[in-house]
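Asks: Provide a 3D model corresponding to the input given below.
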Amino acid sequence: MCNSHRIGSAVACREQTAEVHHARINPLIIASSMTFVIYAGSFMRNPIIPLYAKDLGATVIEVGIISSSFMVVASLLAIPLGSTSDRLGRRRLAIVGSLLVASSSLLMTLATSPTMIMLFYALAGLGLACYSPAVTAFVGDISRTDTLGKVYGTYTMVQQTAIAMGPAVGGVISGLLGFRNVFGLSGVVVLVGSAVGLLYFHGSSEARPKATRPSISKGFNALRRSTIVLMSWVSVFTISFMWGVSQTFLPIYAETVGVGVVLIGILFGVQSATNAIGRIPLGALFDRLGRKWVIMVVGVAFEALGTALMVYFSAPVMLGILMVLIGFGMGVTQMAASALISEASNQTTRGLGMGFYYTCFYGGMAVSPTALGLVISAFGFAPGFLAAAVVGLAAILIIIALTYRASSQAAP
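Replies: Reported below is the predicted structural model:
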């Protein structure tokens, strides 16, 4: 209850009451709810943008540039904006980011050229570069060290479910109402997530004194001294790099061996479901492990195996099994990496650490289609997918080498 004699102002009284109200709601539920709504609304646009751009006269090359604009901007800006959340607070960056994502969708309804679509899609990348590191770091801020696996398993499961569900909903709406209405609805949905943040996302990680605000270079130097953080960044880049080739070229390969469009959609649905569902139980297992980094190696190995074998099978059942391996590998690695980065950092560097996480994640998917597309064009599908798996093997060797180096340095 508010004591007006001690507080001395109605404004302070209302703020105290709001803080008590917010404290009654689990902050993980608030962060997860925001992320589900914002990611589902944002990813509703993904399957529509290439078709929309084509309708406005975009060439195949321009469609590729438009699709890359989102990943490139999100990858380049996640680090400085993650660091900004360490200095200015998670809430500010989360709300600004969600409003930018909503604005990008609403502006899409006004697009009259491929160039405008590219600019508005790049704005969405800026929005998620603000939002994602800040909220992912916030989850670590509010969690106990001994439950990080379970907490990040829950949060990333919600995030992945939204990523998987958004395109399906967007596809259905576009068939019923048309492209522009998808963008309008996407903007409204993301605004709902912004409203949740404005009302309920509390300020436990707000701006800190200048003395405790490290620069990006100092924060990076602090983080890179942690072998676990370096392992996590390598792992995240690797799984997204491998997924980039599957996401881009598996539909083309599947079509050449007689797998229809419906079955291709089911295969990707299997991957998304496996990716999401396994994160909570695996997070609980993660919390009980001694050498927690081992679970990342397992995840990278599973995805590498599934990727390497993909083009040696044409039966839908076998392709489905391989997509389960890939989904499992991605899910366990993302969960473990986010938890390990959170555990190895603090409130002054966690946003920066998560910024690098998202730079690695988006960067891998941005680089992979171009690099491996050249390999596939020159040598065929099998060498291209095998090359992606070799990158996974190289990452495992790097992780083992980092572990050996850390053990050698720790030895007397």
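Asks: switch to C-alpha atoms for all contacts and neighbour counts from now on
Replies: Noted.
Asks: what about Asn221, neighbour count?
Replies: 11 (other Cα atoms under 10 Å).
Asks: which positions in whichever strand or helix holds it come out as buried?
Replies: Assigned by DSSP states H and E, Asn221 belongs to helix 216-224. By neighbour count, with 16 or more other Cα atoms under 10 Å as the criterion, the buried positions of helix 216-224 are Ile216, Gly219, Phe220, Leu223.
Asks: dump the C-alpha coordinates for that helix into CSV.
Replies: Provided in CSV are the C-alpha atoms of helix 216-224 (Å, rounded to 0.1, in the frame of the first residue of the first chain):
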residue,chain,number,x,y,z
ILE,A,216,32.1,-2.0,-27.0
SER,A,217,35.8,-2.7,-27.3
LYS,A,218,36.3,-3.1,-23.5
GLY,A,219,33.1,-5.2,-23.2
PHE,A,220,34.3,-7.4,-26.1
ASN,A,221,37.8,-7.8,-24.5
ALA,A,222,36.1,-8.9,-21.3
LEU,A,223,33.8,-11.4,-23.1
ARG,A,224,36.5,-12.9,-25.4
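Asks: list the helices and strands it packs on?
Replies: Contact here means 3 or more Cα pairs under 8 Å, 6 or more residues apart in numbering; DSSP states H and E; on that basis helix 216-224 packs against helix 350-379.
Asks: now do the next helix or strand after the helix it packs on and helix 350-379, the angle between them.
Replies: With elements assigned by DSSP H and E, the helix or strand that comes after helix 350-379 is helix 381-410. When axes from the mean of the first three to the mean of the last three Cα atoms, to 10 degrees is applied, the directions of helix 381-410 and helix 350-379 differ by 140 degrees.
Asks: report the distance from helix 381-410 to the chain centre.
Replies: 22 Å (Cα atoms, centre = their mean, to the nearest Å).
Asks: report the buried residues of it.
Replies: For helix 381-410, by 16+ other Cα under 10 Å, it's 381-393, 395-396, 398-399, 402-403.
Asks: now find how far off-centre the helix holding Asn221 is within its chain.
Replies: On Cα atoms, centre = their mean, the centre of helix 216-224 falls 22 Å from the chain's centre.
Asks: what's in contact with it?
Replies: Pro80, Ser83, Val229, Leu230, Ala344, Ser345, Thr348, Thr349, Leu352, Gly353 (Cα atoms under 8 Å, 6 or more residues apart in numbering).
Asks: export these to JSON lines and tack on distance to Ala102?
Replies: Shown next, in JSON lines, are the contacts of helix 216-224 (distance: Cα to Cα, whole Å):
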{"residue": "Pro80", "distance to Ala102": "21"}
{"residue": "Ser83", "distance to Ala102": "23"}
{"residue": "Val229", "distance to Ala102": "32"}
{"residue": "Leu230", "distance to Ala102": "33"}
{"residue": "Ala344", "distance to Ala102": "33"}
{"residue": "Ser345", "distance to Ala102": "31"}
{"residue": "Thr348", "distance to Ala102": "28"}
{"residue": "Thr349", "distance to Ala102": "28"}
{"residue": "Leu352", "distance to Ala102": "24"}
{"residue": "Gly353", "distance to Ala102": "26"}
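Asks: which of those residues sits closest to Leu148?
Replies: Ala344 (11.3 Å; Cα to Cα).
Asks: tally of neighbours for the closest one?
Replies: Ala344: 16 neighbours (other Cα under 10 Å).
Asks: on the pLDDT front, check it for me.
Replies: In this model, Ala344 is scored at 90, pLDDT.
Asks: contacts only, for it.
Replies: So Ala344 contacts Leu223, Ser226, Ile228, Val229 (Cα under 8 Å, 6+ apart).
Asks: among those, the buried ones, what's the ChimeraX command?
Replies: Buried members of the contacts of Ala344, defined by 16+ other Cα under 10 Å, are picked up in ChimeraX with:
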select :223,228,229
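Asks: got the contact list for the closest residue in space to Pro47 that isn't next to it in sequence?
Replies: Once flanking residues are discounted, Pro47 sits nearest to Pro167: 6.0 Å by Cα to Cα, 6 or more residues apart in numbering. The neighbourhood of Pro167, defined by Cα under 8 Å, 6+ apart, consists of Ala40, Phe43, Met44, Arg45, Asn46, Pro47.
Asks: where do the strands of the stretch 151-300 of the chain begin and end?
Replies: Applying DSSP state E, counting those that start in this stretch to the stretch 151-300 of the chain gives no strands.
Asks: could you pull out the helices for it?
Replies: Ranges of helices in the stretch 151-300 of the chain, per DSSP state H, counting those that start in this stretch, are 179-200, 216-224, 227-256, 261-277, 279-288, 294-309.
Asks: about what we covered before: look up how far Phe249 lies from the residue nearest to Pro47.
Replies: 18 Å (Cα to Cα, to the nearest Å).
Asks: still on that earlier bit, ChimeraX command to pick out the buried ones of the contacts of Pro167?
Replies: A single ChimeraX command is used to select the members of these judged buried by 16+ other Cα under 10 Å:
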select :40,43,44,45,46
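Asks: so which two of the contacts of Pro167 are the farthest from each other?
Replies: Farthest pair in these, by Cα to Cα: Ala40 and Pro47, 12.7 Å.
Asks: so where is the chain shaky, pLDDT-wise?
Replies: 1-24, 60, 203-214, 261, 408-412 (pLDDT under 70).
Asks: most centrally placed residue in it?
Replies: Residue closest to the mean C-alpha point of the chain, counted by Cα atoms, centre = their mean, is Tyr358 at 6.1 Å.
Asks: wait, that one touches Leu77, no?
Replies: No. Using Cα atoms under 8 Å, Tyr358 is not in contact with Leu77; the gap is 9.4 Å.
Asks: shared neighbours of these two, which are they?
Replies: Ala129.
Asks: state the distance from Leu76 to Arg87.
Replies: 19 Å.
Asks: the more surrounded of these two?
Replies: Neighbour count, other Cα under 10 Å: between Leu76 and Arg87, Arg87 has more, with 24 against 20.
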